[in-house]
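Student: Return a 3D structure for these sequence lines:
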Amino acid sequence: MVYFVDGADVSDKILVYVVRSVESVALAFLGPAFAAITLSAFGPELFDVMNVRREIVSHLGSIFSAVLSGAIAWLFYPSIEAVFILPITFASSAIFFSRFIPRGDPLMGRGFHLHTEQRDEQNCVVDTHKDEVEPEASDYWEVFSDKRIVGLVAADVFHVIAEANVGLIFNSALAGVGSWAGDDESNDDDDATDDDAIMARSAIPLLAAAGSLAQIVMVIGTWVVGYLTAQGWGRKPFYIAHLSVHPIRVLLILLCMWTNAGKGWLASTELIGGLTGALGIVNVFMRADIVFGSGRFNVVDGYMATIRGLAAVSSQYIGAVILEGQGPFVALSISFVIAVIPPIIGYIFVPETLGMRQKDFKEEKLEEKYAKLGIDKGGESQYIEFGSFSSPSNVKSRATTVATPGAIGSPSSRDMENVILTPDASERNIL
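Tutor: Predicted coordinates for the structure are as follows:
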């Protein structure tokens with residue numbers, strides 16, 4: 001679609017926004033799909049390790065792509081549209097190689113609390129549950145309204161809004177494009193039209209170097225985080241660091257632009273950006289920890305990816321308006337204020353999730369219901385004070401449980417939810 005954009009009039013802007021929106025929708029599928037496939041193919045035991053390996057390979061591929069894109073843009077300048085042939089080539093190769101991805105256990109990929117009973121010679125999960133009745137998944141509202149998920153979503157939204165806006169300003173400043181950039185010597189505007197619509201040729205290696213620097217940091221940082229979490233380190237310290245590093249990067253970009261430090265120093269701030277991405281690997285670990293056993297893992301991932309996409313698109317649009325109207329300093333200052341919010345939300349509302357994956361999400365919610373009714377986890381009955389029934393005076397009713405949730409020979413969790421509370425202590429019904 002980039003070949004149909006000739007200038008910067010209203011129709012061209014609409015086309016760009018439509019394409020970006022479609023791109024955001026498409027990208028919203030990739031993260032949840034990768035996570036679900038990894039969980040399905042390798043099980044919860046190897047989920048973290050394989051995610052780390054996949055991310056490292058992805059970052060290495062991004063380095064190769066950045067170098068190759070820079071070389072092509074440099075050779076074909078000013079017809080830099082040739083760079084967009086690369087995504088088509090890479091996407092076609094990805095579609096071809098997707099046939100070799102192991103299927104694994106689809107129920108496990110959805111996040112049901114199943115045990116890995118058998119693996120093949122490649123250490124991939126063998127589907128031993130295909131002939132069994134599909135377990136019942138948790139309600140959508142029960143998952144979406146979980147306080148931990150709400151905290152993750154809220155922190156993620158503010159983080160993406162700040163990050164997308166900063167990325168727009170960073171790339172524009174480094175490429176020397178945009179009406180706010182001006183046409184002084186520092187911008188190195190060497191295109192023939194002198195209209196700031198095409199990036200300077202000297203900016204191409206800077207953009208490639210900045211992208212490569214970020215990806216190199218991501219490779220190293222992802223490996224370190226993966227190693228430490230495998231040794232038993234908690235997720236939350238890395239998660240809070242992931243959210244806290246971004247405001248530092250915004251301040252560094254502001255400092256570079258305020259002091260006219262040069263594009264080399266501006267490009268070096270991508271080292272901090274890469275650290276943000278490396279630490280962010282724990283996000284998917286925490287989501288899996290929280291909702292494992294619900295059967296809604298991929299739904300939660302898709303829900304969060306959709307929110308991220310909408311936040312990114314809206315942030316870039318609003319950021320572009322502020323950038324053109326008020327300049328980069330105002331836009332970056334607003335981004336800094338927004339970037340401070342996520343670590344506060346994460347610290348207060350998102351708990352440490354290490355060890356939660358061993359506990360079934362549905363059983364956890366069932367125990368919460370029992371606790372509200374005054375029934376202890378061990379299945380022993382307690383008296384609960386109710387309001388008046390048919391009699392004028394208050395009576396005490398006892399909730400009688402049948403068995404401990406999860407115990408051998410006990411009713412299913414669905415049955416346990418349907419225990420009827422009656423005034424008669426000796427009477428109990430299971431629907």
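Student: any idea how far Gly61 lies from Met108?
Tutor: Noted for Gly61: a distance of 27 Å to Met108, by Cβ to Cβ, to the nearest Å. Every residue, glycine included, has its C-beta placed from N, CA and C.
Student: The two: which has the busier surroundings?
Tutor: Just comparing Gly61 and Met108: by other Cβ atoms under 10 Å the higher neighbour count belongs to Met108, 25 against 13.
Student: any idea which element that one lies in?
Tutor: In this structure, Met108 is located in helix 106-109 according to DSSP states H and E.
Student: now that helix, how far from the centre of its chain.
Tutor: Centre-to-centre, helix 106-109 and its host chain are 20 Å apart (Cα atoms, centre = their mean, to the nearest Å).
Student: what packs against the helix or strand just after it?
Tutor: Once the chain leaves helix 106-109, the next helix or strand it forms, by DSSP H and E, is helix 140-144. Helices and strands in packing contact with helix 140-144 are listed as helix 297-326; criterion 3 or more Cβ pairs under 8 Å, 6 or more residues apart in numbering; DSSP states H and E.
Student: Verify the contact between Leu27 and Leu310 for me.
Tutor: No: contact status for Leu27 versus Leu310: not in contact, 11.7 Å apart, counting by Cβ atoms under 8 Å.
Student: Can you check the pLDDT for Ile253?
Tutor: According to the predicted model, the pLDDT of Ile253 comes to 90.
Student: How is it classified with respect to secondary structure?
Tutor: Per DSSP: H, G, I helix; E, B strand; the rest coil, the secondary structure class of Ile253 is helix.
Student: ok, Leu255 touching Thr269?
Tutor: No: with contact defined as Cβ under 8 Å, Leu255 does not reach Thr269; the gap is 9.0 Å.
Student: related to what we said a few turns ago, counting by contacts, list what the helix holding Met108 packs against.
Tutor: Packing contacts for helix 106-109, counted by 3+ Cβ pairs under 8 Å, 6+ apart, involve helix 10-76.
Student: quick one on the thing from earlier: residues bridging contact with Leu255 and Thr269, i.e. touching both?
Tutor: Shared contacts of Leu255 and Thr269, defined by Cβ atoms under 8 Å, 6 or more residues apart in numbering, are absent.
Student: the more surrounded of those two?
Tutor: For Leu255 and Thr269, the more surrounded residue by other Cβ under 10 Å is Thr269, and the numbers stand at 25 against 13.
Student: Apart from its chain neighbours, what residue comes closest to that one?
Tutor: The spatial neighbour of Thr269 that comes closest, neighbours along the chain excluded (Cβ to Cβ, 6 or more residues apart in numbering), is Leu252 at 4.7 Å.
Student: ok, how many other residues are close to the one you found?
Tutor: Neighbour count of Leu252, defined by other Cβ under 10 Å: 18.
Student: Also Asn298?
Tutor: A count of nearby residues for Asn298, using other Cβ under 10 Å, gives 20.
Student: Looks like it contacts Ala36 (just checking).
Tutor: Yes: taking contact to mean Cβ under 8 Å, the distance of 4.1 Å between Asn298 and Ala36 places them in contact.
Student: neighbour-wise, which of Leu27 and Leu310 wins?
Tutor: Applying other Cβ under 10 Å to Leu27 and Leu310 shows that Leu310 carries more neighbours, namely 16 against 13.
Student: Need the nearest residue in space to the more buried one, chain neighbours excluded.
Tutor: For Leu310, the closest residue by Cβ to Cβ, 6+ apart turns out to be Ser24, at 7.4 Å.
Student: Give me the average confidence score over the host helix or strand of Pro342.
Tutor: Under the criterion DSSP H and E, the helix or strand holding Pro342 is helix 328-349. Helix 328-349 shows an average pLDDT of 92 in the prediction.
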